[in-house]
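*Asks:* With the input below, show me the fold.
(chains A and B)
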Amino acid sequence: MRAAVVVFPGSNCDRDLAVAFREAGCQVEMVWHKDTTLPSGVDIVGIPGGFSFGDYLRCGAIAANSPICTEIKAHADRGGFVLGICNGFQVLTETGLLPGALLRNAGLKYICRTVPLIVGTNDSIYTSAYDVGQSVGVPIAHHDGNFTASDDVVAKLSDEDRIAFRYADNPNGSTADIAGILSENRRVLGMMPHPERAADEKHGGTDGKALFSSIASALTAA
Amino acid sequence: MKARVHVMLKDGVLDPQGEAVRHALGGLGFGGVDKVRQGKVIELDLADGTTEDTVREMCEKLLANTVIESYQIELS
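*Replies:* Residues are numbered from 1 along each chain as shown, chains lettered A, B, ... in the order given. Presented below is the predicted three-dimensional model:
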């Protein structure tokens, strides 16, 4: 299976994400934000964490309007898979591929530590290797991870079983403890925590590894 | 011509920064500050004849995230 990892000016988790995909058995190509096409045959696009365009205007806002994002939207519209982590999640909400928005953390502090997440659903290629209700330790590193959406949107996410991960102990004020959500077709995942930083023994934890291995096994079998 | 765009978080969207400013004002001894909302002002130098509709399009596409923000346009 083939993955593309997008690089914006200010991305800083792009190589970590590429390593995590590669370790899971994916063929990975890096894609520059000014590119106007995705490599042919790409199954999944990874939008990495970082501070694209210095977080100017709003986190992810300028990246969401870069040339490659037109292609990413078309890829998602065709039923392609997209994984956005941290700043990548912010980009996905800014493009409208996922609902809601990420506000400044309620405590106003940048938070960088490993937190327990509760798996909300295993009905996706990203979470199929986990059990619903399972607790996994995954690092967060963000200043603007406070997920917000209207009550209607949150109810819809919940009713449609699209809340992929919840914080066990809400660190940032996110509505309904939401840490990660799926698109309606369950093929786009945005999450603030960094599974690619918990994918190797040397990271100090490997709870994020199953996310990449389940993507790889689902897309290789397909 | 110039346009000035005011972008504010919508009512009902929690504004942690505004809340921190409110606390800080209280700490400085300013009483009676019930609420603070913090937004941003974006000034644009535009070609003459640019319409308000065009500026509105800029707001919708980039300058504001209408999921959480509202905007007002002043042309001069």
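*Asks:* CA atoms only for the least confident helix or strand in chain A by mean pLDDT, dumped as PDB, please.
*Replies:* Ranked by mean pLDDT, DSSP states H and E, the helix or strand of chain A with the weakest confidence is helix A:209-221, at a mean of 93. In PDB, the C-alpha atoms belonging to helix A:209-221 read as follows (Å, rounded to 0.1, in the frame of the first residue of the first chain):
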ATOM      1  CA  LYS A 209       1.800   1.300  16.600                       C
ATOM      2  CA  ALA A 210      -1.400  -0.600  16.200                       C
ATOM      3  CA  LEU A 211      -3.000   2.300  14.400                       C
ATOM      4  CA  PHE A 212      -0.400   2.100  11.600                       C
ATOM      5  CA  SER A 213      -0.400  -1.700  11.400                       C
ATOM      6  CA  SER A 214      -4.200  -1.800  11.200                       C
ATOM      7  CA  ILE A 215      -4.100   0.800   8.400                       C
ATOM      8  CA  ALA A 216      -1.500  -1.200   6.600                       C
ATOM      9  CA  SER A 217      -3.300  -4.600   6.900                       C
ATOM     10  CA  ALA A 218      -6.600  -3.100   5.900                       C
ATOM     11  CA  LEU A 219      -5.200  -1.400   2.800                       C
ATOM     12  CA  THR A 220      -2.900  -4.200   1.800                       C
ATOM     13  CA  ALA A 221      -5.800  -6.700   1.900                       C
END
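*Asks:* list the buried ones in that helix?
*Replies:* Buried residues in helix A:209-221, defined by neighbour count with 16 or more other Cβ atoms under 10 Å in any protein chain shown: A:Lys209, A:Ala210, A:Leu211, A:Phe212, A:Ser213, A:Ser214, A:Ile215, A:Ala216, A:Ser217, A:Ala218, A:Leu219. C-beta: built from backbone N, CA, C; applies to glycine.
*Asks:* Out of those, which is nearest to chain B?
*Replies:* A:Leu211 (26.4 Å; Cβ to the nearest Cβ).
*Asks:* In contact with the closest one, which residues?
*Replies:* A:Tyr126, A:Thr127, A:Ala129, A:Tyr130, A:Pro195 (Cβ atoms under 8 Å, 6 or more residues apart in numbering or on different chains).
*Asks:* Including distance to chain B and secondary structure, could those go into a markdown table?
*Replies:* Shown next, in a markdown table, are the contacts of A:Leu211 (distance: Cβ to the nearest Cβ, whole Å; DSSP: H, G, I helix; E, B strand; the rest coil):
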| residue | distance to chain B | secondary structure |
| --- | --- | --- |
| A:Tyr126 | 23 | coil |
| A:Thr127 | 25 | coil |
| A:Ala129 | 32 | coil |
| A:Tyr130 | 29 | coil |
| A:Pro195 | 25 | helix |
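*Asks:* Give me the next element, helix or strand, following the lengthiest helix in chain B.
*Replies:* Determined from DSSP state H, the single longest helix within chain B is helix B:16-27. Sequence-wise, the next helix or strand downstream of helix B:16-27 (DSSP states H and E) is strand B:40-45.
*Asks:* Identify the residues contacting B:Glu19.
*Replies:* When contacts are taken as Cβ under 8 Å, 6+ apart, B:Glu19 is in contact with B:Val36.
*Asks:* Over to A:Ile72?
*Replies:* Contacts for A:Ile72 (Cβ under 8 Å, 6+ apart) come out as A:Val6, A:Leu38, A:Val45, A:Ile47, A:Val82, A:Thr95, A:Leu97.
*Asks:* repeat that for 7 Å
*Replies:* By Cβ atoms under 7 Å, 6 or more residues apart in numbering or on different chains, the contact list for A:Ile72 reads A:Val45, A:Val82.
*Asks:* Please report the distance of it from chain B.
*Replies:* 16 Å (Cβ to the nearest Cβ, to the nearest Å).
*Asks:* secondary structure element for that residue?
*Replies:* Secondary structure (DSSP H and E) places A:Ile72 in helix A:67-77.
*Asks:* pLDDT (mean, whole number) over that helix?
*Replies:* Throughout helix A:67-77, pLDDT has a mean value of 97.
*Asks:* now stretch B:31-41
*Replies:* 95.
*Asks:* Now do that stretch: distance from first to last residue.
*Replies:* 27 Å (Cα to Cα, to the nearest Å).
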